[in-house]
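> A structural model of the following input is requested.
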Amino acid sequence: MTDLSTTYLGLNLKNPLVASASPISKNIDKARKLEEAGVSAIVMYSLFEEQIIHESLELDHFLTRGTDSFAEALTYLPDGGMYSIGAEKYINQVAGLKKALTIPVIGSLNGVSKGGWTKYARQIQDAGADALELNLYYIPTDIDLTAQELENAQVELVAEVKSAISIPLAVKLSPFVTALPNFARRIVEAGADGLVLFNRFYQPDFDLEELAIVHSLDLSTSTELRLPLRWISILHGKVNADFALTSGVHTATDVLKAMMSGAKVAMMASNLLHNGDQVIPSMLNELSWWMESHEYESIKQMQGSMSQKSVREPAAFERANYMKVLGSWRDLP
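Numbering: from 1, shown residues only. Sure thing, here's the model as predicted:
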């Protein structure tokens, strides 16, 4: 009997499949079905900073625009809709999920400025959340804002939030950082217990007939797994944090790859939004079957087995891989 259990942020989970932040967590009945289908934990949809500015935030110049394309947003935030809720409603939803579910519930905050976040982080904790995920999503559009200034502000934000809570803190990062390993280490040194790689960016499109910006949602595919897979493989063993892989998790094979890269959990949203909770049992069954057929006794046995520090050719994760791929191309006859 294979052991699918894993640990993430100090939480003992029955398997590595976690429902990542998405609109599904807004509906308690749907969340309960996810638990019944087999997910080991659920991440709440995010409480966005823009939604609670009027309550108490001191918003600095780092908050301008760009949150329209955060991975959970189905429309631009100013248009209202599903995510136009106040902090009080969000806190009540956390409490409702904790009452309805037995699996861990992870709260989620999406912000970029210091100020009122400590208040809401504490409220999410007090509502019963088992951990908190802080999303550092930001598109810098100010040409006077330097990378160092932005990174310093985000590190300070992590430290401030961590100081306000006693539950574990995970930080969801963007892949678009000049020196990601150093930034990841700084985030962990500021207090993060885990790192979630990566925020999935939705880009606006143009309607050429209406001359308008099109707000659309394109769900992920398994090909998007490669970016977080590569970076978790590189960071595993170098940064003292639990890694969660998100973006592109659709199959049991994707989950296996995530574990071998060094992740503790694989987070999934797009597949659940598209196909519903019925995909979960088959994924878990296939996961167990593959492990048995390849003589793996546990998930923990394989975690990090394909990371940069464990493989025979660690340079394959770096520029050498880029050259090999280009060199391997052959024109079709």
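> so who does the closest residue to S220 other than its chain neighbours touch?
The shortest distance from S220 to any non-neighbouring residue, by C-beta to C-beta, 6 or more residues apart in numbering, is to S270 (4.2 Å). Yep, even glycine has a C-beta here, placed from its N, CA and C like the rest. If a contact means C-beta atoms under 8 Å, 6 or more residues apart in numbering, then S270 has L219, S220, T221, H250 as its contacts.
> look up phi and psi at the first one.
When quoted as degrees, to the nearest 10, the phi and psi of L219 stand at phi -70, psi 160.
> can you list phi and psi of the residue nearest to it when sequence neighbours are not counted for me?
Setting aside the residues directly before and after it, L219 is nearest to S270 in space (C-beta to C-beta, 6+ apart), at 3.8 Å. Note on S270: backbone dihedrals following degrees, to the nearest 10 are phi -60, psi -40.
> could you report the pLDDT at V325?
pLDDT, V325: 61.
> sorry, slip of the keys, the one I care about is F176.
For F176, the predicted pLDDT is 88.
> same question for D205.
For D205, pLDDT reads 83.
> kindly report the same for R330.
64.
> which SS class is I106?
The local conformation at I106, judged by DSSP: H, G, I helix; E, B strand; the rest coil, is strand.
> next one: A153
helix.
> quick one, phi psi at N92?
phi -60, psi -30.
> distance-wise, check it relative to I28.
11 Å (C-beta to C-beta, to the nearest Å).
> filter the contacts of S270 to the buried ones?
S220, H250 (16 or more other C-beta atoms under 10 Å).
> which among the contacts of S270 gets closest to T146?
The closest of these to T146 turns out to be S220 (C-beta to C-beta; 31.3 Å).
> that closest one belongs to a strand?
No - per three-state DSSP, S220 lies outside any strand segment and is coil.
> i'd like the first residue to be 38 from this point on
Sounds good: first residue 38 from here, last item S257.
> so it touches R237, yeah?
Yes - using C-beta atoms under 8 Å, S257 is in contact with R237, at 6.3 Å.
> overlap in contacts, the two.
S284.
> quick one: the strands in the stretch 88-237 of the chain?
Assigned by DSSP state E, counting those that start in this stretch, the stretch 88-237 of the chain shows strands spanning 142-147, 168-172, 206-210, 231-234.
> so what touches the longest one?
What it means is strand 142-147. 46, 58, 78-86, 104, 107, 109, 131, 134-135, 154, 157-158, 161-162, 164-172, 174, 198, 207.
> partner strands of it, parallel or antiparallel?
Paired strands of strand 142-147, with direction, are strand 78-80 (parallel), strand 84-85 (parallel), strand 168-172 (parallel) (DSSP bridges).
> deepest of those, which one?
strand 78-80 (a mean of 27; mean count of other C-beta atoms under 10 Å).
> near the closest residue to T155 other than its chain neighbours, how many other residues are there?
Excluding the flanking residues, the one nearest T155 by C-beta to C-beta, 6+ apart is A201, at 3.6 Å. By other C-beta atoms under 10 Å, the residues close to A201 number 16.
> OK, contacts around A201?
A201 touches W154, T155, K156, A158, R159, counting by C-beta under 8 Å, 6+ apart.
> I269 versus L262, what's the distance?
Taking C-beta to C-beta, one finds L262 at 10 Å from I269.
> ditto for A289
Taken as C-beta to C-beta, the span from A289 to I269 is 18 Å.
> tell me which of these two has more neighbours.
Counted by other C-beta under 10 Å, A289 and I269 do not tie: I269 has more neighbours, with 28 against 20.
> could you tell me how many residues sit around the nearest residue to that one once chain neighbours are set aside?
With sequence-adjacent residues excluded and distances taken as C-beta to C-beta, 6+ apart, I269 is closest to S298, at 4.4 Å. Applying other C-beta under 10 Å, we find 29 residues neighbouring S298.
> which residue is nearest the centroid of this protein?
Central residue of the chain (C-alpha atoms, centre = their mean): V233, 4.3 Å from the mean position.
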